[in-house]
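Peer 1: turn this into a structure:
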Amino acid sequence: MPTGTLIEKTSRIIEEGLWVGEAENLYNEHQTYLAGRLAIPPNVKQGIYPFKDVELARAQVAWLLKTHENGQGHVDWHDENQGKREGLDLRGANLRGVDLHDLPLARLRGGLAENERQKATTEERKEAAVHLEDADLHGAHLEGANLGMAYLDRADLRTAHLEQADLHMARLKEANLTGGGLENAKLIGAILQRAYLRAARLENADLREAHLEGARLFQAYLQDADLSHAKLDWADLRGAVLFGANLRHAKLDHADLRGAVLLGANLRHAKLDHANLRGAILSKDQKGLLRHSNVIGLDETKDRSDSIPRNSAG
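Peer 2: Predicted coordinates for the structure are as follows:
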């Protein structure tokens with residue numbers, strides 16, 4: 001195990017964009033140690049992974065990225081020729097509070113893949129989950145990352161790229177995802193209570209049964225997102241774009257939906273007790289559906305069936 005002294009030496013904060021230089025500055029003894037860990041074959045049933053319970057610092061992760069797959073380096077999400085490559089295997093690793101901002105972590109393996117989860121027990125799934133509580137991941141590239149059941153409570157994910165990431169049942173309590181890219185991400189059953197998602201891009205995201213109680217979704221983009229059976233009590237959805245979103249059976253008690261765009265959203269069986277809809281944009285049919293609901297400001301909503309949601313690329 002790396003000692004606290006070595007972690008302190010190798011976790012220096014340096015200028016943005018110089019992570020390769022960080023890798024090159026890693027002490028030789030740590031390079032040898034990491035290479036030895038990489039040789040450990042993973043075993044889901046036994047809960048064995050190369051970096052299970054190992055404390056890693058930024059410089060160590062940078063070295064692993066630089067040397068990944070015999071020197072091929074990190075996965076380039078935008079290179080079509082790398083479509084089948086897998087990212088670093090950091091399942092079960094301890095990265096609590098580590099500075100990982102701006103690192104290229106596309107297709108990171110921080111939890112079991114969907115085909116592995118189907119065969120694994122709940123305990124085996126937990127054993128594989130990476131620990132990133134309080135980590136600094138702002139601006140990090142985590143496109144296509146496998147973060148099923150990962151521990152990301154209070155993580156800083158501002159402007160992070162999580163497009164097509166698998167965050168099935170991940171823990172993101174009070175995480176900061178302001179301006180984050182989560183288009184087509186899988187967040188089924190994810191725990192996002194009191195998370196910050198202002199202006200986050202969640203188009204086509206799968207948020208079925210997600211826990212978003214008290215989440216800040218001010219001006220978030222949720223076009224065509226699936227929020228069926230999601231818990232959104234007391235959520236701040238002011239100005240959010242929910243055009244075409246599936247809110248069937250969603251729970252939105254006391255949610256603030258002032259100015260939200262709800263045209264085309266499926267609101268059947270949604271629970272909206274004391275939800276504030278002042279200035280929200282709904283169709284006549286949607287207003288009729290909610291006529292007997294205990295909502296606030298229904299008569300102050302805007303009936304604009306021809307309205308267009310904000311430019312998803314804007």
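Peer 1: ok, residue 265 touching residue 244?
Peer 2: Yes: with contact defined as C-beta atoms under 8 Å, residue 265 reaches residue 244; the gap is 6.5 Å. Glycine gets a C-beta too; all of them are placed from N, C-alpha and C.
Peer 1: what about the two, which has more around it?
Peer 2: Neighbours per residue (other C-beta atoms under 10 Å) separate residue 265 from residue 244, with residue 265 holding more: 26 against 18.
Peer 1: contacts only, for the more buried one.
Peer 2: For residue 265, the contacting residues are 242-247, 286, by C-beta atoms under 8 Å, 6 or more residues apart in numbering.
Peer 1: how about these in TSV, adding secondary structure and pLDDT?
Peer 2: Formatted as TSV, the contacts of residue 265 follow (DSSP: H, G, I helix; E, B strand; the rest coil; pLDDT from 0 to 100):
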residue	secondary structure	pLDDT
242	coil	98
243	coil	97
244	coil	97
245	coil	98
246	strand	98
247	coil	98
286	helix	93
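Peer 1: could you redo those residues as a markdown table and give each row distance to residue 34?
Peer 2: Converted to a markdown table, the contacts of residue 265 look like this (distance: C-beta to C-beta, whole Å):
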| residue | distance to residue 34 |
| --- | --- |
| 242 | 45 |
| 243 | 47 |
| 244 | 46 |
| 245 | 44 |
| 246 | 44 |
| 247 | 46 |
| 286 | 55 |
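Peer 1: widest-spaced pair of these?
Peer 2: 246 and 286 (13.5 Å; C-beta to C-beta).
Peer 1: show me the shaky parts of the chain.
Peer 2: Counting by pLDDT under 70, the chain contains low-confidence ranges at 1-19, 304-314.
Peer 1: how does it look with 50?
Peer 2: When residues are selected by pLDDT under 50, those of the chain lie in 1-17, 306-314.
Peer 1: what ranges do the strands span in it?
Peer 2: For the chain, the strands defined by DSSP state E cover 281-282, 302-303.
Peer 1: the last one: how far from the chain's middle?
Peer 2: Distance of strand 302-303 from its chain centroid, counting by C-alpha atoms, centre = their mean, to the nearest Å, is 33 Å.
Peer 1: before we move on, what about the first one?
Peer 2: Computed by C-alpha atoms, centre = their mean, the separation of strand 281-282 from the middle of its chain amounts to 28 Å.
Peer 1: other residues contacting that strand?
Peer 2: Here strand 281-282 has contacts from 259-263, 290, 301-304, 307, using C-beta under 8 Å, 6+ apart.
Peer 1: which two of these have the greatest separation?
Peer 2: 290 and 307 (17.2 Å).
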